[in-house]
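>>> I'll drop the sequence and a predicted model, then ask my questions.
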Amino acid sequence: MKRLFIGLLLALVVALLAGFAADRLVLARWQHSDGWIVVMGDVSDPLPRDEAGDGQWETVRRHISVQLLTGVQKGLWREIEVEHLAGSALELRPGKRYILMRDIFDDGAELYSVSDAFRMPYVVGMLVFTAAMIMACAGAAGFRALLGLLLSLAALLFGYVPALLRGVEPVPFAVLTAAFVSACTIGLVVRRRRYRLVAFLGAVGGALAASLTGALMVWLWQLTGLAGEGGALLASSFPDLSLRGFLLAAIIIGSIGAVMDVAISVTSALAEIGDYADSLDAGALWRSGLGVGREVLGSMINTLVLAYLGSSLPLTVLIASSGPTWRGILNDPAVAEELARSLAGTVGLLLTVPITTAACVWSIRGRRRF
């Protein structure tokens, strides 16, 4: 208990320092000539409608006073009028910091708007606090887990995404990326080196099963990939990209985390059994692996489906508010795409268990023969 309290205190101190450092760094290196980080002062009530204007996109105007924290006029207070869309839900609070933007038109007119809250220090602080807590509670295992996460994010953000923009086929490269992420994570998390290949084969096998199931549903259901969030925008911005391929790639990438979890859990359980119960034959090991897998699957399938549902909750609420029939819901393309992700991931999880168990039994029985 004492160790946990000290770890919590240290994590809090490190997070505060990291947030402060991020704040100073961003303020010092802010280069936007038509954008400033500001502290909000007085905020007026919305101007009357006849002043604020009317039209298809209703806007709201306010008089505000702000102190500039960046730019050549840093430290000065300014009185300006800002405009934003009605219902944008951006609440202007005195004393809080925001990002103020300026648009200059051809006739020399200037339009100011508050684009967003300045939350960088808080985001960095919370990320560092969570990482520090993981290491404080889990020690070296927590550090390895964080390192695996960083390598996975680096592979996706700096390897996979740029490759997609260069025109690489989404599905084959998604499989390779999933294999790389699995290898990095399993190599760092699984302690027994001789079982790392087992967990890797189970994870990749589950990801391939999810991929094949997803491809079958995309073909049978005639999904285009345009109904999901950002699909139409992506197609208009990059017309040469394969949206169906993106949908299948999303299934593979989205399922790899849960699939790895199941593969590592089954591998770890059978590794313990195999190391301490030499008398068990292949049949007993097989039944043990399937039994462990059944226990893990109950929660992991829930986790996978609820994760997809949570990410598409706004869409779910919109569909429910329109009062559709069940036939309409199941035939809706946006719902069908989310179902494809969930069902393909579930099949991948189900097949991960026997694939991992078979590889583990083969490894244990092969080692005992020597």
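That came through, no problem.
>>> Any regions of the stretch 1-150 of the chain where pLDDT drops low?
Scanning the stretch 1-150 of the chain for pLDDT under 70 picks out 1, 48-57, 86-89.
>>> What segments of it are strands?
35-43, 59-68, 77-85, 97-104, 110-117 (DSSP state E, counting those that start in this stretch).
>>> can I get these in CSV with mean neighbour count?
Glycine gets a C-beta too; all of them are placed from N, C-alpha and C. Shown next, in CSV, are those (neighbours: other C-beta atoms under 10 Å):
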stretch, mean neighbour count
strand 35-43, 18
strand 59-68, 18
strand 77-85, 15
strand 97-104, 18
strand 110-117, 15
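>>> Tell me which of those strands lies nearest to G142.
Of all the strands of the stretch 1-150 of the chain, strand 110-117 sits nearest to G142, with 31.0 Å by C-beta to C-beta.
>>> Look up how far D332 lies from W221.
11 Å (C-beta to C-beta, to the nearest Å).
>>> if we can go back for a sec, reformat the strands of the stretch 1-150 of the chain as JSON lines; add distance to M133.
Shown next, in JSON lines, are these (distance: least, C-beta to C-beta, whole Å):
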{"stretch": "strand 35-43", "distance to M133": "29"}
{"stretch": "strand 59-68", "distance to M133": "35"}
{"stretch": "strand 77-85", "distance to M133": "37"}
{"stretch": "strand 97-104", "distance to M133": "26"}
{"stretch": "strand 110-117", "distance to M133": "25"}
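>>> Quick check: which of the ones you listed is nearest to S321?
Of all these, strand 77-85 comes closest under C-beta to C-beta, at 21.4 Å.
>>> which other helices and strands contact that closest one?
Judged by 3 or more C-beta pairs under 8 Å, 6 or more residues apart in numbering; DSSP states H and E, the packing partners of strand 77-85 are strand 59-68, strand 110-117.
>>> Domains in this structure, by residue range?
Here the domain parsing of the chain from automatic domain parsing is 2-46+61-84+93-121, 140-368.
>>> nearest to I134, of those domains?
Closest of the domains of the chain to I134 is domain 140-368, at 4.1 Å (criterion: C-beta to C-beta).
>>> can you list the weak-confidence ranges in the stretch 251-370 of the chain?
Applying pLDDT under 70 to the stretch 251-370 of the chain picks out residues 275-280, 308-309, 311-312, 315-316, 319-320, 322-330, 366-370.
>>> ranges for the helices of it?
282-311, 313-321, 326-331, 333-368 (DSSP state H, counting those that start in this stretch).
>>> Let's have these in a markdown table, adding distance to V39.
Listed next are the helices of the stretch 251-370 of the chain as a markdown table, based on distance: least, C-beta to C-beta, whole Å:
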| stretch | distance to V39 |
| --- | --- |
| helix 282-311 | 34 |
| helix 313-321 | 32 |
| helix 326-331 | 47 |
| helix 333-368 | 41 |
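>>> Just tell me which of those ends up closest to V171.
With C-beta to C-beta as the criterion, V171 lies closest to helix 333-368 of the helices of the stretch 251-370 of the chain, at 12.4 Å.
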